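Asker: compute the structure for the input listed below.
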Amino acid sequence: MSLATLPPQRIGVFGGAFDPPHVAHVALARAAIAQLQLDALHIIPTGHAWHKTRTLSPAVHRLAMTRLAFAGVDKVVVDARETLRSGPSYTVETLEALRAEYPAAQFFLIVGEDQAQSLGTWHRWQDVLQLAIICVAARAGFTRASPLFEALHLAPTAFQLIEMPPMDVSATDIRLRVANHQSTDALVFEPVARYIDHHHLYQTA
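Answerer: Numbering: from 1, shown residues only. Below you'll find the model as predicted:
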């Protein structure tokens, strides 16, 4: 086997609703690829989000927008597996499926601080720690000494930090802006904005 055909050895996994994907998502992906020296980063839109109270936009739209948002990012794979799975989307099952496909790889699960803080409520969260290193996108002032790790009583070696510049961007705010006919310039990439407009997404708050 040539070097060009060797399977990836360092694989990032970045899941989320991506409803819609925005500039901070892409910035985090680029930071993760660079800082973790990833061979590939799987961007995985959620299927059925068991932990969210609102109904997500149809998967076909979220997948299409995600492909548009990440089209220019090298090493990214937009992975539709969770949208094709029936029942709730559990991270542990996604990681197990990827492990079966790439048994020799090291996996890095990319999460935000809010997700990391709720890790103890995840389905089979102890198994998640065995399958991947948790990589937390850190805002200014966030360190390994933060209460997050103490509260969960988890080994610090299970975590890495991804340094991120402060970016005040949220999908909730973008949806509200679209519903209120306000500008989303600089929050989503232009192809995503066009898609949202063409398909009349988020027209009601």
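Asker: run through the helices of the protein in chain order.
Answerer: Along the chain, counting by DSSP state H, helices occupy 23-35, 59-69, 81-84, 91-101, 113-117, 125-131, 147-152, 171-179, 190-198.
Asker: quick one: which of those helices is nearest I43?
Answerer: Proximity to I43, assessed across the helices of the chain by C-beta to C-beta, is greatest for helix 59-69 (6.0 Å). (Each C-beta comes from the backbone N, C-alpha and C, glycine too.)
Asker: show residues contacting the closest one.
Answerer: 17-22, 25-26, 43, 45, 47, 56, 78, 80, 83, 188-189, 191-192, 195-196, 199, 201 (C-beta atoms under 8 Å, 6 or more residues apart in numbering).
Asker: want to throw the helices of the chain into JSON lines with mean neighbour count and mean pLDDT?
Answerer: Compiled in JSON lines, these are given as follows (neighbours: other C-beta atoms under 10 Å; pLDDT from 0 to 100):
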{"stretch": "helix 23-35", "mean neighbour count": "18", "mean pLDDT": "97"}
{"stretch": "helix 59-69", "mean neighbour count": "20", "mean pLDDT": "97"}
{"stretch": "helix 81-84", "mean neighbour count": "16", "mean pLDDT": "94"}
{"stretch": "helix 91-101", "mean neighbour count": "17", "mean pLDDT": "96"}
{"stretch": "helix 113-117", "mean neighbour count": "16", "mean pLDDT": "80"}
{"stretch": "helix 125-131", "mean neighbour count": "16", "mean pLDDT": "91"}
{"stretch": "helix 147-152", "mean neighbour count": "14", "mean pLDDT": "48"}
{"stretch": "helix 171-179", "mean neighbour count": "17", "mean pLDDT": "96"}
{"stretch": "helix 190-198", "mean neighbour count": "16", "mean pLDDT": "98"}
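Asker: would a markdown table of the ones you listed with distance to A158 be doable?
Answerer: Formatted as a markdown table, the helices of the chain follow (distance: least, C-beta to C-beta, whole Å):
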| stretch | distance to A158 |
| --- | --- |
| helix 23-35 | 17 |
| helix 59-69 | 27 |
| helix 81-84 | 23 |
| helix 91-101 | 13 |
| helix 113-117 | 11 |
| helix 125-131 | 5 |
| helix 147-152 | 9 |
| helix 171-179 | 27 |
| helix 190-198 | 34 |
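Asker: of the ones you listed, which is nearest P7?
Answerer: helix 91-101 (8.8 Å).
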